[in-house]
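In: kindly generate the corresponding structure for this input.
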Amino acid sequence: MSNFFISFGVSIVSVFPLAQPLVRVSVPSSAAAAERRSFVLNLPRNASVAVIPHSFYTRYQRRLGGRLIFVDRNGRTHHMTLHKGRFSGTIVAGIGELMRYYNLARGGTVMARYAGRNLFHIRVSGPDGVVVA
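Out: As a prediction, the model looks like this:
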């Protein structure tokens, strides 16, 4: 359709085909997207179970199976068993082995980033905050 002008007295009005309205789309930064796919487990001394944070679990509970695989930056894998509740998920097996492997007898922190299909990339820190894997 071509543009044309219609004259009404002294005013000239331009008539254009209807265009799509401008829509502002907010695209999250990669850091924000990564944060939504991540959670932190603060493991106390001699922990044997760990609760996945509610905000992460409710977002991903339908995608998570009963077995989770944690992989550190060196490629070492740790298999976890997840008990799925309606509002919370608890890792009921595998945490003790992970703590023994990284020598976390005094506790530590695991930052886990969801990579899909029950796979998580992890970064493990000791109680002093030093990254061990």
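
In: surely residue 47 is in contact with residue 106?
Out: No: counting by CB atoms under 8 Å, residue 47 does not reach residue 106; the two are 11.0 Å apart. In short, each C-beta sits where N, CA and C put it, glycine included.

In: who has more neighbours, those two?
Out: Shown here are residue 47 and residue 106; by other CB atoms under 10 Å, residue 47 has more neighbours (17 against 13).

In: mind pulling up the phi and psi values for the closest residue to that one other than its chain neighbours?
Out: Nearest residue to residue 47 in three dimensions, chain neighbours excluded: residue 95, at 5.6 Å (CB to CB, 6 or more residues apart in numbering). Dihedral pair for residue 95: phi -70, psi -40, per degrees, to the nearest 10.

In: residue 95: neighbour count?
Out: Neighbours of residue 95 under the rule other CB under 10 Å: 22.

In: same question for the one 4 residues further on.
Out: Look at residue 99: counted by other CB under 10 Å, it has 23 neighbours.

In: which element is it on?
Out: helix 95-101 (DSSP states H and E).

In: contacts for that helix?
Out: Surrounding helix 95-101, the residues in contact under the criterion CB atoms under 8 Å, 6 or more residues apart in numbering are 43, 46-50, 70, 76, 78, 80, 104-105, 108, 110, 124.

In: I'd assumed residue 39 was in contact with residue 56.
Out: Yes: proximity of residue 56 to residue 39 meets the contact threshold set by CB under 8 Å, at 4.1 Å.

In: low-confidence regions, the protein specifically.
Out: Low-confidence regions of the chain, defined by pLDDT under 70, span residues 1-35.

In: that one: strands as residue ranges?
Out: According to DSSP state E, the chain carries its strands in the segments 4-8, 11-15, 38-43, 50-52, 67-71, 77-84, 89-93, 108-116, 119-125.
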